[in-house]
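[1] Build the 3D model from these lines:
(one chain, ligands or ions: 1)
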Amino acid sequence: MKNDTFIIEGLGGKKTLNGEVSINGAKNAVLKAMAATVLFSDTVKLENVPDTEDVKKMNSILEKLGAKISHLDHTVTIDSTKLNTSDIDVDLAQSMRASVVLTGPLLSRFGKVVFPVPGGCVIGTRPIDLFIEAYKKMGAEVVQDNDAYTITAKGGKLKGAEIFFNIQTVGGTETLMMAGVLAEGKTVLKNCAMEPEIVSVAEYLNSCGAQIKGAGTSTIEIIGGGLLQSKGNSYITMPDRIETGSFLILGALCANNLKITKCNPAHIESTIHLLKEAGVDMTIGKDFIEIKNNGVVLNSSFKSVNVRTHEYPGFPTDLQAPMVTFLSQTTGESIVLETIYEGRFKFTDNLKKLGADITIMNPREILIHGNAELKSVTGESLESYDLRAGFATVIAALLAKGTSVVNNVYYIDRGYENLEGRLSALGAKIVRKSVC
Ligand code: EPU
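    Presented below is the predicted three-dimensional model:
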């Protein structure tokens, strides 16, 4: 596995970054749209696709199933019409949790799917019990053997059912929504996740013949039918709201002027609300956010705020790490409560290495004492524990005085395209060192 590092020359508290950054398509939307191509009787074109490692991995998984794919300049074309197996590749599936969303379309189309029991990952155990329970409700038989699940729809076809999710699950909602598209009769999903990525995929499927009602609310109804047809109608990937929020936090801490373009500020309302409460001044447009005359030196004018991660439209867990980095620079104390995952504070080791004052109260709650003067320590490198923590660590390294080394940049590459190039364009001194 590629294991590059970033060498970052810190700004030492000076807000010298300036310029414009445009936001890429959302990986967490396009991965689901790619999985949905299994539901189609013709080729699907996806546009504004970020060139990230997870997208490449989803391409490989689909290719192993027999799909024909071309990926050129942010456009991916997928022909899933002649898939020759519904057994998902074990190694690829185990290396990307999002591959589990393929089980819905595959089971719904072929009446059978085989996929590996997913392992835990750096941010927690991440079980799939809710998927399994739902498939059983839709008339499927589930056999777990030798670390793989074989799921078979009785009579070769899933049956519509009423499914209540005990926990709001993004992947579960998307997967069962897609399973319902080719199932017999009506599927009703209750206590659904309401993330905008779900709405984006549902709207596209509806434009191609699906009958999905209620995406973006807590109840979704799907009337099953035949294979969908794109008829040349492309899926346009929505802007990545987590990338938007991460650049906004980076701008507040490291830039005097930063314009974030091609984004949808309405999708990060909770983040904007908290940052405004903390004293970050910004102008919000329909598709841009601008920080102007933010000062040239980081001072203690930002106020501490408490944060609790929550399902959409609450504060996203995927912005928790950048937010904690921000809170290490505010006046006073903040408490951050992580309600989605039980293992998502590991990255605070990086902040502590740089001099932040953070107390872990319990695996889900931390106390941050603000106003930390961050400084790199010779001989100590920082780790990207997951992609979101990776971006947060880059922000912390930029804030710090001195040069920092960030390891495992592969994690950052999973979700962000050319982060170093985009930061360099804003004036950051960041270089990638390739490690083979
Ligand atoms: N859960 C269960 N059982 C299940 C399914 C989920 O207990 O069968 C639990 C999970 O363990 C977690 C909670 O439910 O504690 C919510 O998980 P969810 O299913 O919503 O997460 P996901 O679909 O696996 C997506 C994003 C994550 C993001 C979460 C929450 C993708 C590919 N991933 O994951 O994004 O954190 O929703 O918003 O869409 C990332 O991009 O860095 C990332 C981790």
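[2] okay, CA-based contacts and neighbour counts for the rest of this
    Will do.
[3] Low-confidence ranges, the chain, go.
    Scanning the chain for pLDDT under 70 picks out the ranges 1-2, 119-125, 299-300, 436.
[4] tell me which parts of this structure are close to the ligand?
    28, 98, 126-131, 167, 169-172, 317-318, 340-341, 387-388 (C-alpha under 6 Å from any ligand atom).
[5] Which among those residues count as buried?
    The neighbour count (16 or more other C-alpha atoms under 10 Å) marks 28, 98, 130-131, 169-172, 317-318, 340, 387-388 as buried among those.
[6] Quick check: residue 55 touching residue 28?
    No: the criterion here is C-alpha atoms under 8 Å, and residue 55 misses it with residue 28 at 9.5 Å.
[7] If you count neighbours, what's buried in the strand or helix carrying residue 141?
    Counting by DSSP states H and E, the element that carries residue 141 is strand 140-145. For strand 140-145, a neighbour-count test (16+ other C-alpha under 10 Å) marks 140, 142 as buried.
[8] who does that strand pair up with?
    When pairing is defined by DSSP bridges, strand 140-145 lines up against strand 148-153 (antiparallel).
[9] For the partner strand, what is the distance to the chain centroid?
    Relative to its chain's centre, strand 148-153 lies at 27 Å (C-alpha atoms, centre = their mean, to the nearest Å).
[10] which parts of that strand are buried?
    Buried residues in strand 148-153, counted by 16+ other C-alpha under 10 Å: 149, 150, 151, 152, 153.
[11] which residues does the fourth one contact?
    For residue 152, the set of contacting residues under the criterion of C-alpha atoms under 8 Å, 6 or more residues apart in numbering consists of 107, 111, 112, 113, 140, 141, 142.
[12] quick one: the strands in the stretch 251-400 of the chain?
    With strands called from DSSP state E, counting those that start in this stretch, the stretch 251-400 of the chain shows them at 255-261, 283-284, 288-291, 307-308, 333-337, 357-362, 365-369, 382-383.
[13] related to what we said a few turns ago, possible to save the contacts of residue 152 as CSV with distance to residue 208?
    Converted to CSV, the contacts of residue 152 look like this (distance: C-alpha to C-alpha, whole Å):
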residue, distance to residue 208
107, 20
111, 22
112, 24
113, 24
140, 26
141, 30
142, 30
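[14] wait, which of the residues you listed is closest to the ligand?
    Nearest to the ligand among the contacts of residue 152, counting by C-alpha to the nearest ligand atom, is residue 142 at 14.3 Å.
[15] Would you mind measuring from that closest one to residue 154?
    Distance, residue 142 to residue 154, using C-alpha to C-alpha, to the nearest Å: 10 Å.
[16] What spatial separation is found between the closest residue to residue 70 other than its chain neighbours and the ligand?
    Spatial nearest neighbour of residue 70, excluding adjacent residues (C-alpha to C-alpha, 6 or more residues apart in numbering): residue 77 at 5.2 Å. The gap separating residue 77 from the ligand is 20 Å, by C-alpha to the nearest ligand atom, to the nearest Å.
[17] Quickly list what residue 77 is bridged to.
    According to DSSP bridges, the partner residues bridging residue 77 are residue 45, residue 70.
[18] okay but it is in contact with residue 44, surely?
    Yes: Residue 77 is in contact with residue 44 according to C-alpha under 8 Å; the separation is 5.7 Å.
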